[in-house]
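Colleague: here is my input; please provide its structure:
(chains A and B)
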Amino acid sequence: MPTEDELRAQRLAKRARLMQLDAGFPAYPARVERTHTAAAAVAAFEASEAQGDAVAPAVAVAGRVTAQRLMGRAAFVDLRDGSGRIQLSLRRDNLGESFDALDLLDLGDFVEAGGTLFRTRTGELTLAVERWRIIAKALRPLPEKWHGITDTETRYRQRYLDLIANERAREIARKRAAVLAAIRDWYHAHDYIEVETPVLQEHAGGAAARPFVTHHHALDRDLYLRISLELHLKRLLVGGFDRVFELGRVFRNEGISRRHNPEFTLLESYEAYADYEDVARNVESLVKHVALAVTGSLQLVHGEHALDLAQPWARTTYREVLREHTGIDYTQHADAARLRALARERGVPVDEHASWGTALDALMSALVEPKLIQPTFIFDYPAEFSPLAKRKADDPALAARFELFALGYELANAYSEQNDPVEQRERMRDQAAKQASGDDETELADEDFLLALEYGMPPAGGLGIGVERLVMLVTGEPSIREVVLFPAMRERGG
RNA sequence: GGGCCCGUAGCUCAGUGGUAGAGCAGUGGACUUUUAAUCCAUCGGUCCUCGGUUCGAAUCCGAGCGGGCCUACCA
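Modeller: Model (predicted):
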């Protein structure tokens, strides 16, 4: 009866009755006698039909019951497995007593059924069941068959229900898997090797973000969850690998939003003897490859925006794009207070202690980035906030760095890697000094990394891409929580 | 952190001051080609929580919890 507890009690009673049947109905058998998936069964029938076989092939399928239509001494049951749906036809005159076990069947149960296929009057390919059994009893009712499940919170907290009820959820999960596969294809085709580096680290470096802290009991010391992959991958360049990439989960102890999950998958790659211009060509090739592999097209629809990846991607510079959208030439304003004032004049709130770089970043984030819908490279960032990048030879105030934007957000970040151990140490010290003065998101000196650099690292171009954002790009989903199967949620309270 | 919106049956939703409802699912019955099966009957509620206003609160007010969107933060 209809409270949740009563529904569950009914099903528990059916489970118990199932256990007591001696006609071969264990409620949870370990072994299933399946010969075909739903899709394979259909294919087998159609092949046999095409050959003009007189007798349809015998098949055994297994899956979850998603609908049942009971008509006295006959019944139709819809079964769904990973390959699709197939209809079962059960009749009392064929099945005898085992037909009566339908009394113990509920929507959501898993069933195994063997028999031969035929076409119904309406033409639907259907399995005429000769034997069947319940192979996993469900104790709770499935979401409603017609409207499915729409409550956002339930969809995220109980993603399995979302996947059962909503084809779109299944499609996004498959596309995410396809993105990862396409990324690996591209890198393997370009002679990169895939590596794995530590998640638990003594220093969380390679990015400016607040890390999660954890504790190692045997060593009795705190460790950090990584915030990027960078510093370990560069050690591998020192070690002699010319092309490496990693698809790794990183963790940033920051806010949760439509575009930020505390843990996310980062793609980073490093190529020795390349610079950031080479990386720009590669990232364009990579993203096009992924889009084509996953969607079959370079034209992506995103709400009211149509993205055209086939057109040559726009290229600009940090100085130019900022001037274009704000009228500010930052090279004319070396003073942090002056920049903060200019930002406020344009309605961009900045903290009164914001550094020069932070104020510039606020301007970019508020007035420039949201306008960059089509894929756009921004080259040559101020060296000030690019401590791991090489400076440009012809202008040491600039870093040999670009970021790639699309749909108003950062998709990729790349630079010619700093490989001068002396300069790198100085840059890290500068950052440490900033942290001492209150900025808690800076690059700390990592002596173990600097030691590696002193053994010599080849010139290299490095790249980082937020995989979720790439998945959002190719699926058209505006929220990161739709492309992460189990997004971070608050503890359920109330 | 700020603003707006949402929370009613297992699911999808109505109900906006006067006896808590519908469809699906469930239960009982009819039905041997249905496919959102159909028909008859029926069970089912902490109306998110706590407090307040009122003769009377799902409804109005306040606080809290959870969620969504926007915003802020975020290499």
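
Colleague: nearest spatial neighbour of A:A41, skipping sequence neighbours?
Modeller: A:V59 (4.5 Å; CB to CB, 6 or more residues apart in numbering). In this view, the C-beta of every residue, glycine as well, is placed from N, C-alpha and C.

Colleague: quick check: that neighbour vs A:T122, distance?
Modeller: 20 Å (CB to CB, to the nearest Å).

Colleague: make sure the residue nearest to A:A41 is indeed in a strand.
Modeller: Yes: assessed with DSSP: H, G, I helix; E, B strand; the rest coil, A:V59 lies in a strand.

Colleague: one step back: A:V59 and A:T122: who's more crowded?
Modeller: A:V59 (22 against 6; other CB atoms under 10 Å).

Colleague: surely the more buried one meets A:A44?
Modeller: Yes: with contact defined as CB atoms under 8 Å, A:V59 reaches A:A44; the gap is 6.4 Å.

Colleague: pLDDT weak spots in chain A?
Modeller: A:1-2, A:22-25, A:435-444, A:492-494 (pLDDT under 70).

Colleague: so what's the residue count around A:P141?
Modeller: A:P141 has 15 neighbours, counted by other CB under 10 Å.

Colleague: in a helix, it, correct?
Modeller: No: using three-state DSSP, the secondary structure at A:P141 is coil, not a helix.

Colleague: let me see the contact set for it.
Modeller: Residues near A:P141 by CB atoms under 8 Å, 6 or more residues apart in numbering: A:L7, A:D106, A:L107, A:G108.

Colleague: in PyMOL, select just the buried ones from those.
Modeller: Burial among the contacts of A:P141 is assessed by 16 or more other CB atoms under 10 Å; the matching PyMOL selection reads:
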select buried, chain A and resi 106+108
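
Colleague: near RNA strand B, anything from the helix or strand hosting A:S416?
Modeller: Assigned by DSSP states H and E, A:S416 belongs to strand A:409-416. Yes: using CB under 7 Å from any atom of the strand, strand A:409-416 reaches RNA strand B at A:E410, A:N413.

Colleague: list the strands paired with that strand, with their directions.
Modeller: strand A:401-406 (antiparallel), strand A:460-466 (antiparallel) (DSSP bridges).

Colleague: next, format the ones you listed as JSON lines and append distance to A:R481 and mean neighbour count.
Modeller: Shown next, in JSON lines, are the strands paired with strand A:409-416 (distance: least, CB to CB, whole Å; neighbours: other CB atoms under 10 Å):
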{"stretch": "strand A:401-406", "distance to A:R481": "19", "mean neighbour count": "24"}
{"stretch": "strand A:460-466", "distance to A:R481": "14", "mean neighbour count": "25"}
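
Colleague: just the buried positions in the strand holding A:S416, please.
Modeller: A:E410, A:L411, A:A412, A:N413, A:A414, A:Y415, A:S416.

Colleague: circling back: what's the distance between the residue nearest to A:A41 and A:I134?
Modeller: 19 Å.

Colleague: can you give me the helices for the stretch 251-400 of chain A?
Modeller: Along the stretch 251-400 of chain A, the stretches classed as helices by DSSP state H, counting those that start in this stretch are A:276-295, A:318-326, A:336-345, A:356-363.

Colleague: mind putting the ones you listed into JSON lines with mean neighbour count and distance to RNA strand B?
Modeller: Formatted as JSON lines, the helices of the stretch 251-400 of chain A follow (neighbours: other CB atoms under 10 Å; distance: least, CB to the nearest atom of the strand, whole Å):
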{"stretch": "helix A:276-295", "mean neighbour count": "19", "distance to RNA strand B": "14"}
{"stretch": "helix A:318-326", "mean neighbour count": "18", "distance to RNA strand B": "13"}
{"stretch": "helix A:336-345", "mean neighbour count": "17", "distance to RNA strand B": "9"}
{"stretch": "helix A:356-363", "mean neighbour count": "21", "distance to RNA strand B": "5"}
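
Colleague: rebuild those as a markdown table, extending it with distance to A:G303.
Modeller: Converted to a markdown table, the helices of the stretch 251-400 of chain A look like this (distance: least, CB to CB, whole Å):
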| stretch | distance to A:G303 |
| --- | --- |
| helix A:276-295 | 16 |
| helix A:318-326 | 22 |
| helix A:336-345 | 29 |
| helix A:356-363 | 25 |
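
Colleague: which residues of the stretch 101-250 of chain A lie near RNA strand B?
Modeller: A:103, A:106-107, A:118, A:120-124, A:126, A:140-141, A:143-154, A:156, A:207-209.

Colleague: filter the residues you listed to the buried ones?
Modeller: The buried subset of those - by 16+ other CB under 10 Å - is A:D106, A:T126, A:P143, A:G148, A:I149, A:Y156, A:A207, A:A208.

Colleague: let's see which of those residues end up in strands.
Modeller: A:T126 (DSSP state E).

Colleague: pick out whichever of the buried ones among the residues of the stretch 101-250 of chain A next to RNA strand B sits closest to RNA strand B.
Modeller: RNA strand B lies nearest to A:A208 out of these, by CB to the nearest atom of the strand, at 3.1 Å.

Colleague: against A:A30, how distant is the closest one?
Modeller: The gap separating A:A208 from A:A30 is 51 Å, by CB to CB.

Colleague: repeat that for A:H36.
Modeller: Counting by CB to CB - A:H36 and A:A30 are separated by 20 Å.

Colleague: the more surrounded of these two?
Modeller: A:H36 (23 against 6).

Colleague: check contacts around that one.
Modeller: Counting by CB under 8 Å, 6+ apart, A:H36 has contacts A:A44, A:V59, A:A60, A:V61.

Colleague: what do you get for A:I328?
Modeller: A:L322, A:L339, A:L342, A:L363.

Colleague: so who does the nearest residue to the second one once chain neighbours are set aside touch?
Modeller: To tie it back to what came earlier, the one meant is A:L339. Excluding its sequence neighbours, the residue lying closest to A:L339 (CB to CB, 6+ apart) is A:A359, at 4.1 Å. Going by CB under 8 Å, 6+ apart, A:A359 touches A:A336, A:L339, A:R340, A:A343, A:V350.

Colleague: check A:G148 too.
Modeller: So A:G148 contacts A:A165, A:N166 (CB under 8 Å, 6+ apart).

Colleague: if I look at A:L470, how far off is A:H260?
Modeller: 15 Å.

Colleague: of those two, which one has the most company?
Modeller: A:L470 (26 against 15).

Colleague: which helix or which strand is home to the more buried one?
Modeller: Secondary structure (DSSP H and E) places A:L470 in helix A:467-475.

Colleague: neighbouring contacts of that helix?
Modeller: Residues contacting helix A:467-475 (CB under 8 Å, 6+ apart): A:171-172, A:175-176, A:179-180, A:183, A:247, A:259, A:261, A:264-267, A:287, A:290-291, A:294-295, A:300, A:302, A:307, A:406-407, A:409-411, A:477-480, A:482-484.

Colleague: rewinding a little: now what about the strand holding A:S416, what contacts it?
Modeller: By CB under 8 Å, 6+ apart, strand A:409-416 touches A:259, A:275-276, A:279-280, A:283, A:287, A:369, A:375, A:386, A:388-390, A:399-405, A:459-466, A:469-470, A:473.
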